[in-house]
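Enquirer: missing the sequence, but the structure's below:
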């Protein structure tokens, strides 16, 4: 089969690799019909996530048709399913608490020791995301083996198109959990840093959960236009002082909840961010946390901080004193996709989420290397890319409404 592989920093190639096989009775194999490039895949592309090996199959946002099942799988051949990016057994201490991304059984013994050494406890398994999370082959491929297929996949009705539901795999439940973790109360003011795909779903989720207003912070015009379309007030951080603007917009109090949807690669030319970039280049740090610092300083006293943005290691110049003195509540973590996917599917069917307008491009799986480069370098035009196995190389289509960028 053909699959997208990581070959090193800024090196992605599509290779012919062995087809997956059933290795456990709870396994299933799906033929991928749609797979997306996630913002956190760019962290792999930039070489910031340890534990990658040349030839690893990447991708963790995917869906497709069941073509083979193990004896203990609850799936049936021919079913269309969306697969959560987190691999969860459904039976361990954490899964029973619906903390699925912390599953204690999905990271194999040969890879869990490294993540335990780095994180303090072994990480849960995930598709296509380094050997720290199990080294599982990812979904940017023609076929994928699905461990614990009786726990994760969501069966999709035939009347829903792939684009309607694909993001149940990751970014929609991630945006929803980000808003849930902010403990939003009716009428709250919520500030969201980053209007990438997760940030855009966070905006929609916060409003659905009762926020009175959502303020979105970014600098790409297309992203800000989408945030405004979804109901947010917008701030371009290149044109305003974000902390001053948020204080003015909230009568000097600050937002009730701040949500960091940026993660480890904050942009900008602030002094702290330039120092972070230098330290990353010198391999003395792994994170650029300007957005997180700003969120902590901007949040009102006694407010809430939600962190869905991906971080991978250690950071310095962290405003710990400000976090403590302001009495902020912090929630973070990888998404417990299986906890939310059923309810979110019903919300999609009810028309409560716009899941398609953020897609800027569809492309062939064979064009993955170019698509990674485009999204990395042209994020104003490339807001979300969906790859389609089976399309001929060069079969790229763009949504015309995004072309104004």
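Expert: Thanks, I have it. Keep in mind it's a predicted model, so treat the numbers as computed, not measured. Numbers count the residues shown, from 1 in each chain.
Enquirer: end-to-end on stretch 130-148?
Expert: Stretch 130-148 has its terminal residues 19 Å apart, counting by Cα to Cα, to the nearest Å.
Enquirer: buried set for that stretch?
Expert: 130-148 (16 or more other Cβ atoms under 10 Å). Where C-beta positions appear, they are placed from N, C-alpha and C, glycine not excepted.
Enquirer: which stretches in this structure count as helices?
Expert: In the chain, the helices defined using DSSP state H lie at 39-45, 93-96, 109-119, 162-165, 171-181, 197-208, 221-229, 242-249, 271-281, 290-298, 320-325, 337-349, 368-377.
Enquirer: what residue of this structure is the furthest out?
Expert: Within the chain, the residue lying farthest from the chain centre (Cα atoms, centre = their mean) is residue 251, at 32.8 Å.
Enquirer: what's the distance between that residue and residue 93?
Expert: 45 Å (Cβ to Cβ, to the nearest Å).
Enquirer: helix or strand with the lowest mean pLDDT in this protein?
Expert: One helix or strand of the chain scores below all others by mean pLDDT, DSSP states H and E: helix 271-281, with a mean of 52.
Enquirer: if we can go back for a sec, make JSON lines from the helices of the chain and add distance to residue 69 and mean neighbour count to it.
Expert: Formatted as JSON lines, the helices of the chain follow (distance: least, Cβ to Cβ, whole Å; neighbours: other Cβ atoms under 10 Å):
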{"stretch": "helix 39-45", "distance to residue 69": "28", "mean neighbour count": "22"}
{"stretch": "helix 93-96", "distance to residue 69": "21", "mean neighbour count": "16"}
{"stretch": "helix 109-119", "distance to residue 69": "25", "mean neighbour count": "15"}
{"stretch": "helix 162-165", "distance to residue 69": "21", "mean neighbour count": "19"}
{"stretch": "helix 171-181", "distance to residue 69": "24", "mean neighbour count": "26"}
{"stretch": "helix 197-208", "distance to residue 69": "31", "mean neighbour count": "27"}
{"stretch": "helix 221-229", "distance to residue 69": "39", "mean neighbour count": "19"}
{"stretch": "helix 242-249", "distance to residue 69": "50", "mean neighbour count": "17"}
{"stretch": "helix 271-281", "distance to residue 69": "44", "mean neighbour count": "15"}
{"stretch": "helix 290-298", "distance to residue 69": "43", "mean neighbour count": "24"}
{"stretch": "helix 320-325", "distance to residue 69": "48", "mean neighbour count": "11"}
{"stretch": "helix 337-349", "distance to residue 69": "19", "mean neighbour count": "19"}
{"stretch": "helix 368-377", "distance to residue 69": "28", "mean neighbour count": "18"}
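Enquirer: shaky segments in the protein?
Expert: 265-286, 400-405 (pLDDT under 70).
Enquirer: domains in it, by residue range?
Expert: If you go by automatic domain parsing, the domain ranges for the chain are 2-170+336-402, 171-332.
Enquirer: CSV for the helices of the chain, including distance to residue 394?
Expert: Formatted as CSV, the helices of the chain follow (distance: least, Cβ to Cβ, whole Å):
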stretch, distance to residue 394
helix 39-45, 21
helix 93-96, 43
helix 109-119, 37
helix 162-165, 21
helix 171-181, 27
helix 197-208, 25
helix 221-229, 24
helix 242-249, 41
helix 271-281, 35
helix 290-298, 36
helix 320-325, 49
helix 337-349, 31
helix 368-377, 9
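Enquirer: closest to residue 152 out of these?
Expert: Smallest distance to residue 152 across these (Cβ to Cβ): 5.9 Å, for helix 337-349.
Enquirer: what does the closest one contact?
Expert: 82, 84-86, 88, 90, 98, 100-101, 151-152, 154, 156-157, 160, 164-165, 168-170, 172-174, 176-177, 208, 353, 355 (Cβ atoms under 8 Å, 6 or more residues apart in numbering).
Enquirer: can I have the buried ones of those as a PyMOL selection?
Expert: Filtering these down to the buried ones (16+ other Cβ under 10 Å) takes a single PyMOL command:
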select buried, resi 82+84+85+86+88+90+100+101+151+152+154+156+164+165+168+169+170+172+173+174+176+177+353+355
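Enquirer: most centrally placed residue in the chain?
Expert: residue 171 (4.7 Å).
Enquirer: so how far is residue 159 from that residue?
Expert: Counting by Cβ to Cβ - residue 171 and residue 159 are separated by 22 Å.
Enquirer: next one: residue 167
Expert: Relative to residue 159, and taking Cβ to Cβ, residue 167 is found at 18 Å.
Enquirer: when these two are compared, which one has more neighbours?
Expert: More neighbours surround residue 167 than the other of residue 167 and residue 159, with 29 against 7 (other Cβ atoms under 10 Å).
Enquirer: what's the nearest residue to that one if we skip its chain neighbours?
Expert: residue 355 (5.6 Å; Cβ to Cβ, 6 or more residues apart in numbering).
Enquirer: cheers, nothing more for now.
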